[in-house]
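Chemist: Got a predicted structure plus its sequence, pasted below:
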Amino acid sequence: MLPGVRMRFEFEHLGTPTAFELTEGHHLLGGGPDDHIHLEGLPPGLLTLRIDSGRLMVEAVRSFTVNAVRVLPGVSRLVVPGEVLGLPDGMCLRVLSEPTAPERGVGTVAVLKGLLTDAEAPPSRAATLTCLTGLDVGRSHALAEANTDIGRGDGVALRLRDRAVSRMHARIRREDSGFVLEDLGTPNGVFLNGVRLEAPGPLTDGDVVELGRSLLRFQAAFDEASGDAAPVPQPVAAVEALAGTETPRPPEGKPRRREGWIIAGAVALALGALLVASVLAAAG
């Protein structure tokens, strides 16, 4: 989020949405007279929102949920745009995505430029786990190995500074179909989207993994998360057709250089004829 850009929210109570925006800083939300953002129906001083460099941390004096996953009172939780906070009495707070820039008019030059610059596929992004709570909040770990062990011990790939986490707590396996989360037999268990994991289960984009007091958000790889195919380079004929200047292709085996010289010569002759005509008209 760029400096000066506001983060947008939508509070819903009794089916009535209320939209508002917040700048960077600390904001107290609740139904009390001393709350910075007064939202009718909320308990006084319920939520503290901290916005710093576009990152939103939410803490509450009562338990709440984020996408149906429970967060304990006093625990500061990283919340990303698109997630929904479940509040008391059926109320909710949505963190809205930033508005997209308005589309500009597309002319022939813009179309051609877009076709040429978008020919390359976007860079790939590996699947990641991002810490949402605790001492490691905001830390992101790429799931690049076949097996990623998570815990408090020294020998794990992803080490969490959480005393409620076992030394070898959980494992994420890469399989042909995606990623699978496994509990390594810990007494505190592993929770996936608020439900205790009884057997190894698949991970999907946006899933929240709970280990001890730590919450981690799984983000699938680029192609798995979006499902979009990489842009295909456009052939020359397609570019010419969009520009309205399509020329017939020469027969196979014959170079196009001769055709280019012929076109250039014709343009030069036409310009010369116009120049002569203008000189004669001025003399007359």
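Modeler: Good, I have the coordinates.

Chemist: Below-threshold pLDDT in the stretch 151-284 of the chain: ranges please.
Modeler: By pLDDT under 70, the weakly predicted segments of the stretch 151-284 of the chain are 223-284.

Chemist: Which stretches in it count as strands?
Modeler: Taking DSSP state E, counting those that start in this stretch as the test, the strands found in the stretch 151-284 of the chain are 158-159, 170-175, 178-183, 190-192, 195-196, 201-203, 208-211, 214-219.

Chemist: neighbours around the residue nearest to Ala157 when sequence neighbours are not counted, how many?
Modeler: Closest residue to Ala157 apart from its sequence neighbours, by CB to CB, 6 or more residues apart in numbering: Thr148 at 4.7 Å. Just so you know, the C-beta spots here come from the backbone N, C-alpha and C atoms, and that holds for glycine as well. Counted by other CB atoms under 10 Å, the residues lying close to Thr148 total 20.

Chemist: For Thr148, which three-state class applies?
Modeler: strand (DSSP: H, G, I helix; E, B strand; the rest coil).

Chemist: Need the pLDDT of it.
Modeler: Looking at Thr148, its pLDDT reads 97.

Chemist: contacting residues for it?
Modeler: Leu129, His141, Ala157, Leu158, Arg171, Ile172 (CB atoms under 8 Å, 6 or more residues apart in numbering).

Chemist: Which residue is the nearest non-sequential neighbour of the fifth one?
Modeler: In space, not counting the residues next to it along the chain, Arg171 is nearest to Glu182; the distance is 4.6 Å by CB to CB, 6+ apart.

Chemist: from what I can see the one you found touches Arg174, true?
Modeler: No - between Glu182 and Arg174 there is no contact under CB atoms under 8 Å: 11.9 Å.

Chemist: For Leu28, find the nearest of the strands of the stretch 151-284 of the chain.
Modeler: strand 214-219 (22.9 Å; CB to CB).

Chemist: Against which helices or strands is that closest one packed?
Modeler: Secondary-structure packing of strand 214-219 (3 or more CB pairs under 8 Å, 6 or more residues apart in numbering; DSSP states H and E): strand 128-131, strand 208-211.

Chemist: who's in contact with the last one?
Modeler: Looking back up the chat, that one is strand 208-211. With CB under 8 Å, 6+ apart, strand 208-211 has contacts from 66-67, 69, 129, 132, 150-151, 160, 162, 164-165, 169-170, 181, 188, 190-194, 203, 215-218.

Chemist: what does stretch 24-37 give?
Modeler: Outside stretch 24-37, the residues that reach it (CB under 8 Å, 6+ apart) are 20, 22, 38-54, 93.

Chemist: Buried ones only from those residues, please, as a PyMOL command.
Modeler: Per 16 or more other CB atoms under 10 Å, the buried members of the contacts of stretch 24-37 correspond to this PyMOL selection:
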select buried, resi 22+39+41+42+43+45+46+47+48+49+51+93
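
Chemist: what about the helices in the stretch 101-250 of the chain?
Modeler: 108-117, 222-226, 236-243 (DSSP state H, counting those that start in this stretch).

Chemist: burial count for Val190?
Modeler: 24.

Chemist: now swap in Glu21 and tell me
Modeler: Neighbours around Glu21, by other CB under 10 Å: 10.

Chemist: quick one: the closest residue to it other than its chain neighbours from Arg171, how far?
Modeler: Of all residues not flanking Glu21 in the chain, Arg6 sits nearest, at 3.9 Å (CB to CB, 6+ apart). Counting by CB to CB, to the nearest Å, the gap from Arg6 to Arg171 is 41 Å.
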